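>>> Quick check, what structure comes out for this input:
(4 chains)
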There are 2 protein chains.
Amino acid sequence: MNKKQRQETDTKTQEPNPLVRRFIEHAGNTTQSVGLGRVLGQLFAYLYFSPDPKNLGDMQDALGISKGSASTAVRQLEQWDAVQKVWVKGDRKDYYQATDWFGGFIRKALAETVGKKIETYGSLLDEAEHELANNGSSGDEAFIRKRVEYLRSFQMKASDAWESPLLRILLK
Amino acid sequence: MNKKQRQETDTKTQEPNPLVRRFIEHAGNTTQSVGLGRVLGQLFAYLYFSPDPKNLGDMQDALGISKGSASTAVRQLEQWDAVQKVWVKGDRKDYYQATDWFGGFIRKALAETVGKKIETYGSLLDEAEHELANNGSSGDEAFIRKRVEYLRSFQMKASDAWESPLLRILLK
DNA sequence: CGGAACGTTCAGTATGTACTGAACATAACA
DNA sequence: TGTTATGTTCAGTACATACTGAACGTTCCG
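Below is the predicted model of the structure:
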């Protein structure tokens, strides 16, 4: 028998069900449009609809992506607890399955994007306020000060809403 | 005197204050990272910190962008009510100023991104449920059905949270 | 009416970046 | 220890797309 090539093992069983295909497609578009890259979404959807754990090879076959992409993406998902590594006895490969629990995944992803942004703007406003405190209100400065003031109030509300009731409700 | 070239009128007065510069920079990065393009954020920040209305030429000079970019971006912002066209008597140019009111702007932008996504997934789930209803629970289908079920419950919660108390609180 | 002053459009290009794939690192077996 | 099976890394590229700028449409003025 020949060396094992990915395609030979049995292409048919790797092919996800057409309905699942569409979820994969959608998820890929979503993550892409948010700037996370297409494979991340595709991969999660694939695992999410797979009853049993999958290894890197399965992912390559099912999604038609490279080994490198699969490796990188799945570890990203793991960092967010969207997938878990599972041991399959008698097999050296790494197997992954999606967590049934969705909310936590979304939460971490959001925390890394939205949450960080809110913080960043907080710092920027800190500096702005500090700088404006020293100078006089010459000309436009008064106007700028007002705008910074409003931005601050907005940032605070956003920050509050961010880390208290909002997420708990949505992600429970 | 020569034909009026953009740079000649007086570059110095067009130069935004260094503090404002940083807001412009940040805003540009933000919109970029969300997939809206850099100029959109830059332009809004510029207008937001400008006491008096600006025309397309001002925007070009201040941000170093092309006329086309300025035109496109400012109209996008206008659609979202982030900026308004204002009349300056004796001048044929279009002048724009940022709305002081921030929340509405964010709301519309989000509605076009997040809101639409939630809807789209709703439709996809409709179809999935319809399709699954007809077929028997052969093998993996049972598993898929369970996952779709959970996705639906999540989608509904998200949809609820989206269009009721959440936005009102944050954007008021 | 002709021409100037603006704003808009859109084909072309430049720029960033997600993805590939071969080289490398690591672990398991014999 | 050498060899095979697997996972990771990273330079190179392929691709998407935001931006440019010239051509066009429109409005105003003389």
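>>> Helices of chain A, residue ranges please.
Applying DSSP state H to chain A gives helices spanning A:11-14, A:18-33, A:38-48, A:56-63, A:67-79, A:103-110, A:116-134, A:140-161, A:167-170.
>>> Tell me which of those sits nearest to DNA strand C.
helix A:67-79 (2.2 Å; C-beta to the nearest atom of the strand). Using the backbone N, CA and C atoms, a C-beta is placed for each residue, glycine as well.
>>> picking that back up, TSV for the helices of chain A, including mean pLDDT?
TSV is the format used below for these (pLDDT from 0 to 100):
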stretch	mean pLDDT
helix A:11-14	48
helix A:18-33	93
helix A:38-48	97
helix A:56-63	96
helix A:67-79	96
helix A:103-110	79
helix A:116-134	93
helix A:140-161	90
helix A:167-170	62
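>>> Work out which residue lies at the spatial centre of chain A.
residue A:109 (4.1 Å; C-alpha atoms, centre = their mean).
>>> so who does that residue touch?
A:36, A:80, A:82 (C-beta atoms under 8 Å, 6 or more residues apart in numbering or on different chains).
>>> hmm, 6 Å instead?
residue A:80 (C-beta atoms under 6 Å, 6 or more residues apart in numbering or on different chains).
>>> Then residue A:47?
Residue A:47 neighbours (C-beta under 6 Å, 6+ apart): A:83, A:98.
>>> burial measure for residue A:69, as a count.
20 (other C-beta atoms under 10 Å in any protein chain shown).
>>> Next up, the contacts around the nearest residue to it once chain neighbours are set aside.
Excluding the flanking residues, the one nearest residue A:69 by C-beta to C-beta, 6 or more residues apart in numbering or on different chains is residue A:39, at 5.2 Å. Going by C-beta under 6 Å, 6+ apart, residue A:39 touches A:65, A:69, A:73.
>>> List, one by one, the residues from chain A near DNA strand C.
A:32, A:35, A:37-40, A:64-69, A:72-73, A:92 (C-beta under 7 Å from any atom of the strand).
>>> Would you mind splitting chain A into its domains for me?
A:6-100, A:104-170 (automatic domain parsing).
>>> most packed of these?
Counting by mean count of other C-beta atoms under 10 Å in any protein chain shown, domain A:6-100 has the highest mean neighbour count of those, with a mean of 17.
>>> So is it next to DNA strand D?
Yes. Domain A:6-100 lies within reach of DNA strand D by C-beta under 7 Å from any atom of the strand, at A:55-57, A:67-68, A:71-72, A:74-75, A:91-94.
>>> could those be laid out in TSV, adding distance to residue A:46?
Formatted as TSV, the residues of domain A:6-100 next to DNA strand D follow (distance: C-beta to C-beta, whole Å):
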residue	distance to residue A:46
A:55	12
A:56	12
A:57	13
A:67	15
A:68	17
A:71	15
A:72	15
A:74	10
A:75	15
A:91	19
A:92	22
A:93	16
A:94	15
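>>> Return only those of the residues you listed found close to chain B.
Of the residues in those, proximity to chain B by C-beta under 6 Å from any C-beta of the partner chain holds for none.
>>> before we move on, the earlier item: how near is the residue nearest to the centre of chain A to residue A:145?
Taking C-beta to C-beta, to the nearest Å as the measure, residue A:109 falls 36 Å from residue A:145.
>>> Next: residue A:87.
Taken as C-beta to C-beta, the span from residue A:87 to residue A:145 is 60 Å.
>>> same check, this time on residue A:35
Distance from residue A:35 to residue A:145, by C-beta to C-beta: 33 Å.
>>> And for residue A:116?
Following C-beta to C-beta, the distance that separates residue A:116 from residue A:145 is 27 Å.
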